[in-house]
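Undergrad: how would this look folded up:
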Amino acid sequence: MTDFNYTLQYYLEAGCKNNLVRGKEHLITHKLHESGYKFRENSEVKATLLQPIMLQQEWIASIILEIKDINFFQSKLEEIVIFSQVTANAIALAYQRWNATHLLEKLQLESQVIEQNAKLEREISWRQSIQHELEKSLSLQQATLESTADGILVVDNEGNISGYNQKFLQMWNISEQMMMSENNWLALKKALRQLTHPQDYLKVLRNLNNNPHTQIYDTISFKDGRIFERYTQPQYINGKIVGRVWSFRDVTAQKLAEAKIRHQALHDLLTNLPNRVLFNERLAKALQNARINNQSLAVCFLDLDRFKTINDTLGHPIGDKLLQTVAQRLTSCLGEEDTIARWGGDEFTIILPNIRDARAVATVQERIIAALKPSFNIDNHHLHIGVSIGIALYPLHGRDGDTLIQNADVALYRAKAQGCNKYQFYYSAINSQASELLVLENNLHYALERNEFTIYYQPQVNISTGEITKMEALLRWRHPKLGIIAPSKFIPIAEETGLIVPIGEWVLRSACRQTKIWQEMFNLPNLSIAVNLSACQFQQPNIATSIQEILAETKLAPENLELEITESLAMQNVEKTQEVMTELHRMGILLSIDDFGTGYSSLSYLKNFPLKTLKIDRSFVSEIASNPHDLAITTAIIALAHGLNLAVVAEGVETPEQLNCLRLLECELMQGHLFSKALSVQDATQLLAQAKSQPLNNSYLVA
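TA: Below you'll find the predicted structure:
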């Protein structure tokens with residue numbers, strides 16, 4: 001409107017400057033008369049001219065001319081009207097131009113506003129899209145964090161917590177309120193208190209402070225036994241470290257499974273002792289320490305005596321339980337630094353590190369032997385076993401593990417050859433003895449089929465009549481190159497290899513057949529045969545059936561067969577012993593206890609066995625005339641036998657003095673070199689022939 005007013009003023013001043021009262025640039029905002037003139041008179045104004053301003057046939061305003069000089073007005077009326085019309089047209093044109101300019105400006109302004117609004121809308125839309133994508137990304141990120149099995153924690157460079165998932169809270173037992181508190185150290189302290197080694201964790205944090213680019217992957221352990229895998233790496237934005245991400249995974253079950261697998265790989269599943277692999281590892285470490293510290297150590301090789309018989313007879317479940325109990329007793333004999341392992345089967349190995357001398361090693365072996373002597377009560381079976389031990393010393397008997405184990409094994413065989421419950425240190429000459437045993441074992445497999453075995457017979461004599469009442473069958477091995485091999489050398493090997501079973505059957509069959517021949521040849525229907533049963537034979541499940549078949553085959557009456565078992569064998573498994581003895585007794589077979597007094601019989605069990613005879617061991621007889629203790633023991637055995645209504649046989653009678661002592665003690669049956677040594681079949685036949693016609697000279701029986 002400013003431009004319009006200026007234009008109006010210009011035209012009014014230009015046209016009416018000299019003759020007209022100055023026009024008032026006044027626009028009428030309401031509609032007046034659209035055409036014609038109107039004169040108004042008052043005290044000052046003599047005449048008024050109203051000129052409408054039209055634009056496109058529409059009234060937009062009016063020009064009002066107020067005239068004081070009426071004469072001038074009348075004389076110039078036509079000019080004034082023309083002037084007003086021209087002025088009105090000019091004003092209309094000026095207004096039109098102004099309006100067009102104004103409209104253009106308005107349109108431009110509106111266009112700018114529209115453009116700005118569109119731009120603003122686009123920016124708002126873009127920002128909303130970015131916000132949506134950000135929210136979507138954050139939601140996806142949080143969903144990802146929550147879906148993982150790992151506990152996640154994110155911290156900034158100042159150590160402030162910037163993110164975590166619920167799994168992290170659960171794993172570390174930390175509340176959300178504690179995580180959101182201003183003091184992050186509360187959460188850290190609670191976390192550290194749970195760890196087995198919190199100082200190690202603090203060390204890691206200090207290291208990361210000094211080396212922010214470091215990545216760490218390791219495990220941490222908790223006081224409650226849990227194990228976490230820990231992984232941490234820097235968080236980068238545009239190549240700049242802005243924080244650190246921590247990831248924790250509970251691998252307790254996995255680690256326990258791995259530990260279990262490793263334990264099973266290195267330990268015997270039955271006894272839970274170290275196995276051969278772990279034993280060798282520990283032996284290597286022990287040898288390394290011994291070399292560095294200039295120390296000695298011992299390697300011991302143990303083998304259980306009579307275990308195979310128990311295992312074969314009573315079954316593997318009983319054998320397994322026996323091995324477990326043996327392992328416990330062996331472990332109790334050793335120190336914390338010692339190692340005991342199950343080598344395999346019924347064999348165990350021991351490492352004794354940092355030993356002072358051989359005497360210290362021997363003390364441990366004696367402790368082991370003593371620990372295994374008491375009976376083992378396994379499922380109501382009272383079992384007895386022994387142990388043989390071979391020992392090799394470092395550096396005396398070897399400087400590496402393989403050599404020490406080999407030499408201890410060689411010494412073990414030497415110990416077994418000496419009998420039950422013996423230990424033996426290695427010495428160089430043992431190697432030749434071990435080779436000899438190996439040769440015997442190899443030849444023993446073929447001895448039976450090559451007819452290399454033979455039976456010798458030794459008579460039992462009734463000292464009152466001089467009559468031979470019984471023959472004892474004694475096995476001998478006549479090797480074509482090695483000559484006669486004593487039973488003490490090959491019987492343990494036969495027991496260990498199981499060959500004793502077919503060999504024992506052959507002995508029983510041959511002895512029964514020969515006894516029947518003698519009965520018929522010399523008309524000796526009461527002549528009996530005594531045959532030793534090995535532990536392995538006695539524990540065979542079909543022992544009674546096998547013997548019955550042999551008796552039927554040889555036609556020997558059951559009452560003419562006496563089976564001898566040792567005292568220690570009888571007490572290995574009392575229930576089994578009584579069961580087998582009862583079955584054999586029902587068949588009419590006679591039963592006796594051999595080597596009585598050398599074992600550990602319980603009299604309460606002994607009275608329940610269906611026995612016929614007790615045989616006094618030769619170790620008591622040999623010095624009965626000079627040793628009061630042997631005399632006392634022999635006296636007690638004879639009295640016990642008589643009290644139980646059992647016959648008594650004294651073995652190993654070699655002198656008249658021994659015979660007279662036994663006679664005074666009322667021992668009625670004797671056996672030994674004083675009467676006859678063990679004889680071949682031919683010589684025994686000749687002896688029986690002589691005894692038939694003339695009883696043995698008993699002049700020496702008189703005191």
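
Undergrad: Show me where the stretch 501-650 of the chain has its strands.
TA: Taking DSSP state E, counting those that start in this stretch as the test, the strands found in the stretch 501-650 of the chain are 528-532, 561-566, 590-596, 613-616, 647-650.

Undergrad: Compare the ones you listed and give me the one nearest Val204.
TA: strand 561-566 (68.6 Å; C-beta to C-beta). For the C-beta atoms, the positions are set from N, CA and C on the backbone; glycine is no exception.

Undergrad: can you redo the strands of the stretch 501-650 of the chain as JSON lines with mean neighbour count and mean pLDDT?
TA: Compiled in JSON lines, the strands of the stretch 501-650 of the chain are given as follows (neighbours: other C-beta atoms under 10 Å; pLDDT from 0 to 100):
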{"stretch": "strand 528-532", "mean neighbour count": "23", "mean pLDDT": "97"}
{"stretch": "strand 561-566", "mean neighbour count": "22", "mean pLDDT": "93"}
{"stretch": "strand 590-596", "mean neighbour count": "23", "mean pLDDT": "89"}
{"stretch": "strand 613-616", "mean neighbour count": "25", "mean pLDDT": "92"}
{"stretch": "strand 647-650", "mean neighbour count": "25", "mean pLDDT": "94"}
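
Undergrad: can you redo those strands as CSV with distance to Ile63?
TA: Output for these, formatted as CSV (distance: least, C-beta to C-beta, whole Å):
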stretch, distance to Ile63
strand 528-532, 162
strand 561-566, 158
strand 590-596, 162
strand 613-616, 166
strand 647-650, 171
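
Undergrad: and Lys481, which of these is closest to it?
TA: Taking C-beta to C-beta as the criterion, strand 528-532 is the member of the strands of the stretch 501-650 of the chain that comes nearest to Lys481, at 26.7 Å.

Undergrad: show me what contacts Asn272?
TA: Neighbour list for Asn272: Ala327 [criterion: C-beta atoms under 8 Å, 6 or more residues apart in numbering].

Undergrad: next one: the one 10 residues further on
TA: Counting by C-beta under 8 Å, 6+ apart, Arg282 makes contact with 274, 339, 351.

Undergrad: could you point out where the stretch 201-350 of the chain is predicted with low confidence?
TA: Scanning the stretch 201-350 of the chain with the threshold set as pLDDT under 70 gives no residue ranges.

Undergrad: And Gly335, how far from Pro353?
TA: Gly335 sits 9 Å away from Pro353 when distances are taken as C-beta to C-beta, to the nearest Å.

Undergrad: In terms of neighbours, single out the busier of the two.
TA: Comparing Gly335 with Pro353 by other C-beta atoms under 10 Å, the one with more neighbours is Pro353, at 21 against 9.

Undergrad: for the residue minimising distance to the centre of the chain, helix, strand, or coil?
TA: Closest to where the C-alpha atoms of the chain average out (C-alpha atoms, centre = their mean) is Lys260, at 1.6 Å. The three-state label for Lys260, taken from DSSP: H, G, I helix; E, B strand; the rest coil, comes out as helix.

Undergrad: Measure how buried the closest residue to Phe609 other than its chain neighbours is and give me the count.
TA: Once flanking residues are discounted, Phe609 sits nearest to Met581: 5.5 Å by C-beta to C-beta, 6 or more residues apart in numbering. By other C-beta under 10 Å, 20 other residues sit near Met581.

Undergrad: same deal with Arg476?
TA: By other C-beta under 10 Å, the residues close to Arg476 number 16.

Undergrad: rewinding a little: I'd assumed Lys612 was in contact with the residue nearest to Phe609.
TA: No: using C-beta atoms under 8 Å, Met581 makes no contact with Lys612, being 10.5 Å away.

Undergrad: hey, what's in contact with both of those two?
TA: Shared between the contact lists of Met581 and Lys612 (criterion: C-beta under 8 Å, 6+ apart) are residues Leu591.

Undergrad: On the strand side of things, show who Thr219 bridges to.
TA: Per DSSP bridges, the residues bridged to Thr219 are Glu229.

Undergrad: mind checking how far it is from Asn238?
TA: According to C-beta to C-beta, Thr219 and Asn238 sit 33 Å apart.

Undergrad: out of the two, which sits in the busier spot?
TA: Set side by side, Thr219 and Asn238 show unequal neighbour counts under other C-beta under 10 Å, the larger going to Thr219 at 11 against 5.

Undergrad: Let me see the domain layout of the protein.
TA: The chain is divided into the following domains under automatic domain parsing: 2-113, 148-255, 269-428, 443-691.

Undergrad: Distance to Glu121 for the ones you listed - can I get that in JSON lines?
TA: Rendered in JSON lines, the data for the domains of the chain read as follows (distance: least, C-beta to C-beta, whole Å):
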{"stretch": "domain 2-113", "distance to Glu121": "12"}
{"stretch": "domain 148-255", "distance to Glu121": "31"}
{"stretch": "domain 269-428", "distance to Glu121": "77"}
{"stretch": "domain 443-691", "distance to Glu121": "100"}
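
Undergrad: quick one, which of those is nearest to Ile130?
TA: Taking the domains of the chain one by one with C-beta to C-beta, domain 148-255 is closest: 16.9 Å.

Undergrad: before we move on, back to that, which of the domains of the chain has the lowest mean pLDDT?
TA: Averaging pLDDT over each of those singles out domain 2-113 as the lowest, with a mean of 61.

Undergrad: Most neighbours of all the contacts of Arg282, which one?
TA: Most neighbours among the contacts of Arg282, by other C-beta under 10 Å: Ile351, with 24 neighbours.

Undergrad: roughly how far apart are that one and Arg663?
TA: Taking C-beta to C-beta as the measure, Ile351 and Arg663 are separated by 56 Å.

Undergrad: which helix of this structure spans the most residues?
TA: Among the segments of the chain that qualify as a helix by DSSP state H, the longest is helix 77-147.

Undergrad: how about the nearest residue to Glu347 once chain neighbours are set aside, secondary structure?
TA: Distances taken as C-beta to C-beta, 6+ apart put Asp303 closest to Glu347, at 5.2 Å, once the chain neighbours are dropped. Following three-state DSSP, we place Asp303 in the strand state.

Undergrad: Wait, Asp303 touches Asp346, no?
TA: Yes: the pair Asp303 and Asp346 qualifies as a contact (C-beta under 8 Å) at a distance of 6.3 Å.

Undergrad: Nice, that's everything, thank you.
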